[in-house]
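S.K.: Kindly return the folded structure for what I paste below:
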Amino acid sequence: MQHVYRPLLLCSALALAGCAGITSHGPQPDVETRITILHTNDHHGRFWKNRDGEYGMAARKTVVDQIRQEVAAAGGYSLLLDGGDVNTGVPESDLQDAVPDFRGMNLLGYDAMAVGNHEFDKPPVVLQMQRALATFPMLSANIYRDGKRMFEPYKLFNLGGVRVAVMGLTTEDTQRMVHPDNIRNTEFRNAQTEAAKVLPELRSKADVVIAATHMGHYENGQHGTQAPGDVELARAVKGIDLVVGGHTQNPACMKAENVLDRSYVPGSACQPDRQNGTWIVQAHEWGKYVGRADFTYKNGEFKLVKYALIPINLKKPVKTAEGKTSLVPYTQEIAESPEMLQLLKPFQEFGQQKLMVEVGSSDGRLEGDRTVVRSQPAALGVMIGRSMMEKTQADLAIVNGGGVRDSLPAGKITYKDVLTVHPFGNTIAVVELTGKELMDYLAVVAKLSTGSGGFAQFAGIGLVIEQGVVTQTTVRGKPVEPGARYRLAVNNFVASGGDGYPKITQHPSYVDTGFVDADVLRAYIAAHSPLKAADYAPGQQVVRR
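M.R.: Next up, the predicted model:
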């Protein structure tokens, strides 16, 4: 495999120093070296394609292998990097502690990855297992445990004589996004400060410096109450050639200077962000794309020649002549790698078997039928809202009726039942609103049509709605005060404006927790079983007149 000069990887004895003991005389003058950086981020358990045949590691391997062969045939070199968050996403992966995902990454031949906040979602023993399983380094220069760096801060590679350093950085927000028990004695220090400390050392050893980060892109550095991301890093720390990012889960394709192309279409041209001489890239999420950045290096200049986001079997809805809708690939369909399918199929089948496991029980049916949840308060709507509140410590929760796809039966409840209720894999988001902001939000929600997917189910709140107008509001039994602050939980679909809800993703306090709704509901059922259906009767908490 030509993409990495292998002797440089045999440096386990020097791991904490980032292979500092390996030196190189550097590139030859007047020699142009072609270097291709491939990248992904925010995998979140998507080792298998979805039900529409999109993404999946088997098709990703086909693309990566083809690019590597093409680059090597032209005399170039390549690295495959990831921006973090391998964990937390779909049940088949979560049930198996992302073992299929890390094994799939090994087969893909990743060279390094940034440590993401979701790498801390499970107890430390799981992270230790994943680190031992990975045949590539997990990098972060700003995570400390007991006063020492927990991970390798960087890795050095020699690509045809060009010394390339890859430094890892992780969002400081991890401290408030994961369970405290999972990060005891762990610090997430200021990423800019740590990068500035490491950079002089890297510049003395490397010709090219790449930061693999899990910090977020944040258009024009507008990170609100979140920790600063890649744009702010590039502006604050001069000397990073390329940032391979993650965390905000968007294609970092720019419409104009400091203006993100929010309507990016798969397969179209993508102009990466450029800040303070640093290129910034991000490949959306879930392996939907493989990013490809083709550079040349000559006489100290690291020049971007071409950049593309390659869709991995992403599909668009197209109406047929008969008026029906079918899904058609944006670009030519990519065949799945037989080798990867052979590796991952047993994990997928095992995960499917686990779905029939009993997770709890109920003494009565918890109503979630479409005709009910889209027209009146329903028991299952209340329970889902309470599960979201319990997981996020929110004061109230709002659930769109369209996000509830079935009822939960009386008697035994299986994981499959839970996934039938929540099949979309939405995540739970939280936002802190003033009383006035909350009332403005509720004023819109109250007007959403009966029978539509936007019809709201509530938990933790009392409402009187008269002809679409909110006339009385209480949260946890007390009237809402305009100047007080309230923590609201919704799913990320609703937060982004889905089903006609006000868009709140740009609110400074907005956080997508990454917790999948089905997993949250499953844990709640397990913790509270046997459930008493009467406890979730909507009663008169929400009255519509």
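S.K.: Which residues are in contact with Asp207?
M.R.: Taking Cβ atoms under 8 Å, 6 or more residues apart in numbering, we find Asp207 in contact with 26-27, 162-164, 297, 300, 302. C-betas here are computed from N, CA, C, even on glycine.
S.K.: By neighbours, which of those residues wins?
M.R.: Using other Cβ atoms under 10 Å as the neighbour criterion, Val164 leads these with 28 neighbours.
S.K.: quick one on the thing from earlier: show me the contacts of Asp207 that map onto helices.
M.R.: Judged by DSSP state H, the contacts of Asp207 include no members of helices.
S.K.: among these, which are in strands?
M.R.: Of the contacts of Asp207, the ones assigned to strands by DSSP state E are 162-164, 297, 302.
S.K.: Pull the most distant pair out of the residues you listed.
M.R.: Arg163 and Phe302 (11.6 Å; Cβ to Cβ).
S.K.: Mind listing the shared neighbours of these two?
M.R.: With Cβ under 8 Å, 6+ apart as the test, Arg163 and Phe302 both reach 207-208.
S.K.: from the ones in strands among the contacts of Asp207, which is closest to His528?
M.R.: Nearest member of the ones in strands among the contacts of Asp207 to His528, counting by Cβ to Cβ, is Val164, at 51.9 Å.
S.K.: partners of the closest one in the sheet?
M.R.: Note on Val164: beta-bridge partners by DSSP bridges are Phe157, Val208.
S.K.: show me what contacts it?
M.R.: The contact partners of Val164, taken as Cβ under 8 Å, 6+ apart, are 35, 79, 156-158, 206-210.
S.K.: distance of it from Leu156?
M.R.: Taking Cβ to Cβ, to the nearest Å as the measure, Val164 falls 7 Å from Leu156.
S.K.: shared neighbours of those two, which are they?
M.R.: Common neighbours of Val164 and Leu156 (Cβ under 8 Å, 6+ apart) are Ala206.
S.K.: List the buried residues in stretch 63-72.
M.R.: Neighbour counts over stretch 63-72 (16 or more other Cβ atoms under 10 Å) mark 63-64, 67-68, 71 as buried.
S.K.: ok, and what's touching that stretch?
M.R.: Applying Cβ under 8 Å, 6+ apart, the external contacts of stretch 63-72 come out as 1-3, 34, 36, 38, 77-78, 80, 108-109, 290, 292, 310, 312, 334, 337.
S.K.: Read off the pLDDT value for Ser449.
M.R.: For Ser449, the model assigns a pLDDT of 79.
S.K.: Now it: closest residue in space, sequence neighbours ignored.
M.R.: Phe455 (7.0 Å; Cβ to Cβ, 6 or more residues apart in numbering).
S.K.: what about that neighbour, how many neighbours?
M.R.: Other residues close to Phe455 by other Cβ under 10 Å number 24.
S.K.: The chain should start at 9 in everything you say after this.
M.R.: Will do, 9 is the new start, and the previous item becomes Phe463.
S.K.: if I pick it, what's in contact with it?
M.R.: Phe463 neighbours (Cβ under 8 Å, 6+ apart): 381-383, 408-410, 456-457.
S.K.: Please repeat the previous calculation with a cut-off of 10 Å.
M.R.: Phe463 is in contact with 380-386, 389, 407-410, 453, 456-457, 507-508, counting by Cβ atoms under 10 Å, 6 or more residues apart in numbering.
S.K.: Which of the helices and strands in the chain ranks last by mean pLDDT?
M.R.: Every helix and strand in the chain was compared by mean pLDDT, DSSP states H and E; the lowest is helix 182-185, with a mean of 79.
S.K.: helix or strand right after that helix?
M.R.: Where DSSP states H and E defines the elements, the next helix or strand beyond helix 182-185 is strand 194-196.
S.K.: Near Gly443, how many residues? Count them for me, please.
M.R.: 17.
S.K.: Roughly how far does it sit from Leu374?
M.R.: Distance from Gly443 to Leu374, by Cβ to Cβ: 31 Å.
S.K.: do Thr201 as well
M.R.: Plainly put, Thr201 is 50 Å away from Leu374 if you go by Cβ to Cβ.
S.K.: Same drill for those two, tell me which one is more crowded.
M.R.: Leu374 (23 against 13).
S.K.: Surely that one is in contact with Ser395?
M.R.: No: the criterion here is Cβ atoms under 10 Å, and Leu374 misses it with Ser395 at 11.6 Å.
S.K.: what touches both of the two?
M.R.: Ile533.
S.K.: residues touching the nearest residue to Gly411 once chain neighbours are set aside, list them.
M.R.: In this structure, Gly411 finds its nearest non-sequential neighbour in Asn499, 5.8 Å apart by Cβ to Cβ, 6+ apart. Taking Cβ under 10 Å, 6+ apart as the criterion, Asn499 is in contact with 392, 396, 405-408, 411, 430, 432, 434-437, 506, 509, 520, 523-525, 528.
S.K.: Can you read off the pLDDT for Asn499?
M.R.: On the pLDDT scale, Asn499 gets 94.
S.K.: Three-state assignment for Tyr494, please.
M.R.: Following DSSP: H, G, I helix; E, B strand; the rest coil, we place Tyr494 in the strand state.
S.K.: what's it in contact with, if anything?
M.R.: Here Tyr494 is in contact with 402-404, 439-443, 445-447, 449, 468-469, 483-484, 488 (Cβ under 10 Å, 6+ apart).
S.K.: Can you tell me which of those are buried?
M.R.: Neighbour-count burial (16+ other Cβ under 10 Å) applied to the contacts of Tyr494 gives 402-404, 439-441, 443, 445-446, 449, 468-469, 483, 488.
S.K.: Return the member of those residues nearest to Leu416.
M.R.: Gly468 (20.1 Å).
S.K.: For the closest one, which non-adjacent residue is spatially closest?
M.R.: Using Cβ to Cβ, 6+ apart and skipping the chain neighbours, the partner closest in space to Gly468 is Leu404 (3.7 Å).
S.K.: From Val289, how far off is that neighbour?
M.R.: 38 Å.
S.K.: any idea which of the contacts of Val172 has the most stuff around it?
M.R.: The most crowded member of the contacts of Val172, judged by other Cβ under 10 Å, is Ile218 (30 neighbours).
S.K.: ok, and that residue, which helix or strand is that part of?
M.R.: Taking DSSP H and E as the criterion, Ile218 maps to strand 216-222.
S.K.: tally of neighbours for the residue lying closest to Phe358 once chain neighbours are set aside?
M.R.: Residue nearest to Phe358 in three dimensions, not counting chain neighbours: Gln104, with 7.0 Å by Cβ to Cβ, 6+ apart. Counted with other Cβ under 10 Å, residues neighbouring Gln104 total 18.
S.K.: Check the gap between Gln104 and Gln356 for me.
M.R.: According to Cβ to Cβ, Gln104 and Gln356 sit 10 Å apart.
S.K.: okay, and the common contacts of the two?
M.R.: Phe55.
S.K.: re the thing from before, keeping just the C-alphas, turn the least confident helix or strand of the chain into PDB.
M.R.: C-alpha atoms of helix 182-185 as PDB (Å, rounded to 0.1, in the frame of the first residue of the first chain):
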ATOM      1  CA  THR A 182     -17.100  17.600  25.700                       C
ATOM      2  CA  GLN A 183     -16.900  18.400  29.400                       C
ATOM      3  CA  ARG A 184     -20.600  19.300  29.500                       C
ATOM      4  CA  MET A 185     -21.900  16.900  26.800                       C
END
